[in-house]
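Trainee: 3D, please:
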Amino acid sequence: MITVSELASMEARCNAATPGPWFHVPCPDGWNDGVFTTPDPILGDSTTVFSTLEGNMGMVSEEDGRFIAHARADVPALIAEVRRFRAALQAVADCAHASGCTRTWEIAREALGEEGGA
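Mentor: Here you go, the predicted model:
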């Protein structure tokens, strides 16, 4: 189970990363495969997030490159969804507790972990 503290740490890492969106640029000859931000609207330049040329780490598979690039948008979306589900589950727990539905309250509290429950 991911704790509230762990979720906050994940979000902090996301917020500290280079702003997105990111995209993967595969290079057929393997010379400079990488993940970059979209071009700057004023300067027209992009920011290198990861590059095999700069890191000399070898080719990134197209699948891995897409995964890395999409993580910039996917991880924050997943964090928001986890928070939304936790809030809904907390509301169920509170309602169950207030109405005396002990079993529903216990299930919701257990799902929320040590930090949840009314």
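Trainee: what about this protein, any weak spots by pLDDT?
Mentor: Along the chain, the parts satisfying pLDDT under 70 run over 26-34, 38-44, 46-48, 50-61, 114-118.
Trainee: show me which helix runs longest in it.
Mentor: Longest helix of the chain, by residue count under DSSP state H: helix 62-99.
Trainee: buried ones in that one?
Mentor: Neighbour-count burial for helix 62-99, counted by 16 or more other C-beta atoms under 10 Å, picks out 65-66, 68-72, 76, 79, 86, 89-90, 92-93, 96-97. C-betas here are computed from N, CA, C, even on glycine.
Trainee: wait, which of these is closest to residue 17?
Mentor: Comparing those against residue 17 with C-beta to C-beta picks out residue 72 as the nearest, at 6.6 Å.
Trainee: in this structure the closest one contacts residue 15, no?
Mentor: No: Residue 72 is beyond contact range of residue 15, at 11.2 Å (criterion: C-beta atoms under 8 Å).
Trainee: who does residue 37 bridge with?
Mentor: On the basis of DSSP bridges, residue 37 is bridged to residue 22.
Trainee: can you get me a residue count around it?
Mentor: Applying other C-beta atoms under 10 Å, we find 18 residues neighbouring residue 37.
Trainee: please report how far it lies from residue 99.
Mentor: Using C-beta to C-beta, to the nearest Å, residue 37 is found at 50 Å from residue 99.
Trainee: do the same with residue 7
Mentor: 29 Å.
Trainee: enumerate the positions of whichever helix or strand residue 12 is part of that are buried.
Mentor: Taking DSSP states H and E as the definition, residue 12 sits inside helix 4-16. For helix 4-16, burial by neighbour count (16+ other C-beta under 10 Å) applies to 10-11, 14.
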